[in-house]
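K.L.:
Predicted structure and sequence below. I'll ask about it afterward.
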Amino acid sequence: MSLESLVEEIRQHAEAELTANLDQQKAEGARVIADRDRKIAEIRTTSQRATEADVTRERAQRIAAAKLQSRKLLYEAREHRLEDGLRETRALLTNFTNTPAYAAVLKRMTEVATATLGKQLRISGRAEDATALAKVAGKAFDPTPQPILGGLVAETTDRSRRLTLSFDELLRLREDEVRELLA
């Protein structure tokens, strides 16, 4: 074997090794690029899912907030309408105190108070109703005016029991029923 053939063989072996290393480097580079592309695709997919989830959650929160706001506005409107209805009812009761039928109502209230508390009573009402109450209550009439919308307040002479038949109190006691009727 001559030196030239030995050098040629070493060169061929070096070229083969260089080619193998270049092929391996290309393969490794392709694998790294493929791995990079796969990771980028995974990151994009993950971020896209996260973004969609965030958008969906945000949309759901906004929809829920809008629904809550609409229910609140509906409730406030209904409550405003009911308050208007109660004010109108109070105005109608105030107007009713100026009708001839009001005296009959006071008479009936006096009878109920007498039946409930007994005959020993003190009956009082609005200053405007003093004349009508004096007629129906007789000696039981107490001229001390009461700050009420209409009706009367009866109490035993010893002040141990009291029956409030004022329009204010009757309306307050039946407010839930009135609200149902107005709704």
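P.N.:
Arrived safely, thanks for sending.
K.L.:
hey, let's count contacts and neighbours off CA atoms from now on
P.N.:
OK.
K.L.:
Let me know the distance separating residue 22 from residue 168.
P.N.:
Relative to residue 168, residue 22 is positioned 101 Å away (Cα to Cα, to the nearest Å).
K.L.:
Go through stretch 86-100 and flag the buried ones.
P.N.:
For stretch 86-100, burial by neighbour count (16 or more other Cα atoms under 10 Å) applies to 86, 90, 93, 97.
K.L.:
list the contacts for residue 141?
P.N.:
122, 123, 124, 133, 134 (Cα atoms under 8 Å, 6 or more residues apart in numbering).
K.L.:
elements contacting the strand or helix carrying residue 87?
P.N.:
Using DSSP states H and E, residue 87 maps to helix 3-96. Using 3 or more Cα pairs under 8 Å, 6 or more residues apart in numbering; DSSP states H and E, the elements in contact with helix 3-96 are helix 175-182.
K.L.:
Do you know the pLDDT at residue 1?
P.N.:
We have a pLDDT of 61 for residue 1.
K.L.:
for this structure, which spans come out with low pLDDT?
P.N.:
For the chain, applying pLDDT under 70 flags the ranges 1.
K.L.:
Tell me how it divides into domains.
P.N.:
When the chain is parsed with automatic domain parsing, its domains come out as 1-96, 100-182.
K.L.:
Determine which stretch of these is the most buried.
P.N.:
domain 100-182 (a mean of 16; mean count of other Cα atoms under 10 Å).
K.L.:
Regarding that domain, how distant is the last residue from the first?
P.N.:
27 Å.
K.L.:
tell me how far that domain is from the chain's mean position?
P.N.:
38 Å (Cα atoms, centre = their mean, to the nearest Å).
K.L.:
and what of stretch 36-51?
P.N.:
Distance of stretch 36-51 from its chain centroid, counting by Cα atoms, centre = their mean, is 42 Å.
K.L.:
Compute the distance between the spatially most central residue of the chain and residue 65, please.
P.N.:
Geometric centre of the chain, nearest residue: residue 72, 5.1 Å, by Cα atoms, centre = their mean. To residue 65, residue 72 is 10 Å away according to Cα to Cα.
K.L.:
about what we covered before: looking at the contacts of residue 141, spot the one nearest residue 180.
P.N.:
Among these, residue 124 lies closest to residue 180 (Cα to Cα), at 31.3 Å.
K.L.:
where's the closest one relative to residue 105, distance?
P.N.:
Distance, residue 124 to residue 105, using Cα to Cα: 14 Å.
K.L.:
Let me see the backbone angles for residue 142.
P.N.:
phi -110, psi 120 (degrees, to the nearest 10).
K.L.:
residues touching it, list them.
P.N.:
Contact analysis of residue 142 by Cα under 8 Å, 6+ apart lists 122, 123, 124.
K.L.:
Keep only those of the residues you listed that are in strands.
P.N.:
Members of those lying in strands (criterion: DSSP state E): 122, 123, 124.
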